[in-house]
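> My questions are about this predicted structure, shown below with the sequence.
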Amino acid sequence: MNISRDWATPLTIGSFTLMASTGILMFFHLDTGLNKEVHEWLGWALVAGVATHVTANLSSFKRYLSKPAALGIIGVFVAILVASFFLQEEEEGKGGNPARRASQAVVQAPISQIAPLAHQKPEELITALQQAGFKVDSPEQTLISITGPEQGRQFKALAAIFH
């Protein structure tokens, strides 16, 4: 099968532009709308674009793999990928991202304990969460028991509480 560079390269460039833009927005917590979903799902377009681009330029790619500098750079990124599966943030409030630890502490707390942080009564938080589409049975429910483990839902609930 002959893959044309006429569409493999634009697919790679376009999908990279999308991934880089949405990735930077998410990194700085500036993503809005469907940025995260677009980043996650259309990341497959980047995978397809790179695969077709490599296939269309296989002889050049093979030449790169014969150069020690290229192999070293690729090796560094492969090592980072492998390490990312095994290295974890420290538990018990030490190390890691403090904002992440703080948001995890809030989502694991019951509504009755979150209410004073939001300068509201528990009943007001329950109403705000219900208006945001969450099912809340009691002020003693934790936020994570209401939202489930998905961060997007957790952030939606936090946004409803700390509006």
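Sure, I can see it.
> And the next helix or strand past the lowest-mean-pLDDT helix or strand in the chain?
Confidence across the helices and strands of the chain bottoms out at helix 98-107, with a mean of 83, counting by mean pLDDT, DSSP states H and E. Downstream of helix 98-107, the first helix or strand assigned by DSSP states H and E is helix 111-117.
> Run through the neighbouring helices and strands of that next one.
Helix 111-117 sits against helix 122-131, helix 143-147, with contacts defined as 3 or more Cβ pairs under 8 Å, 6 or more residues apart in numbering; DSSP states H and E. In this view, the C-beta of every residue, glycine as well, is placed from N, C-alpha and C.
> So what touches that helix?
106, 121-122, 124-126, 129, 136, 138-143, 146, 161 (Cβ atoms under 8 Å, 6 or more residues apart in numbering).
> buried residues in it?
Neighbour counts over helix 111-117 (16 or more other Cβ atoms under 10 Å) mark Ile111, Gln113, Ile114, Ala115 as buried.
> I'd like those as a markdown table, with pLDDT appended.
Formatted as a markdown table, the buried residues of helix 111-117 follow (pLDDT from 0 to 100):
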| residue | pLDDT |
| --- | --- |
| Ile111 | 93 |
| Gln113 | 94 |
| Ile114 | 93 |
| Ala115 | 92 |
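> What lies in contact with stretch 54-61?
Contacts for stretch 54-61 (Cβ under 8 Å, 6+ apart): Ile3, Ser4, Arg5, Ala8, Thr9.
> so how far does that stretch reach from one end to the other?
One end of stretch 54-61 to the other measures 7 Å (Cα to Cα, to the nearest Å).
> so where's the protein uncertain?
Filtered on pLDDT under 70, the chain yields the residue ranges 1, 88-97.
> 80 instead, please
For the chain, the stretches with pLDDT under 80 are 1-2, 87-101.
> residue ranges of the helices in it, please?
Along the chain, counting by DSSP state H, helices occupy 5-27, 35-56, 58-64, 68-86, 98-107, 111-117, 122-131, 143-147, 151-161.
> highest average neighbour count across those?
Using mean count of other Cβ atoms under 10 Å, the stretch among the helices of the chain with the largest mean neighbour count is helix 143-147, at a mean of 19.
> from the chain's centre, how far out does that one sit?
19 Å (Cα atoms, centre = their mean, to the nearest Å).
> Same question for stretch 155-163.
So, by Cα atoms, centre = their mean, the centroid of stretch 155-163 is 18 Å from its chain's centroid.
> again, but for stretch 135-155
19 Å.
> CA atoms only for that stretch, dumped as CSV, please.
Taking Å, rounded to 0.1, in the frame of the first residue of the first chain, the C-alpha atoms of stretch 135-155 are listed here in CSV:
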residue,chain,number,x,y,z
LYS,A,135,-28.2,13.4,42.8
VAL,A,136,-27.6,14.2,46.5
ASP,A,137,-29.3,12.3,49.3
SER,A,138,-27.7,13.7,52.4
PRO,A,139,-25.3,16.4,53.6
GLU,A,140,-23.1,13.6,55.0
GLN,A,141,-22.4,12.3,51.5
THR,A,142,-18.9,12.9,50.3
LEU,A,143,-18.5,14.9,47.1
ILE,A,144,-16.8,11.9,45.4
SER,A,145,-19.7,9.6,46.3
ILE,A,146,-21.9,12.1,44.5
THR,A,147,-19.7,12.6,41.4
GLY,A,148,-17.9,9.3,41.1
PRO,A,149,-14.2,9.1,40.3
GLU,A,150,-14.2,11.1,37.0
GLN,A,151,-12.3,14.4,37.5
GLY,A,152,-14.5,16.2,35.0
ARG,A,153,-17.6,15.6,37.1
GLN,A,154,-15.7,16.5,40.3
PHE,A,155,-14.6,19.8,38.8
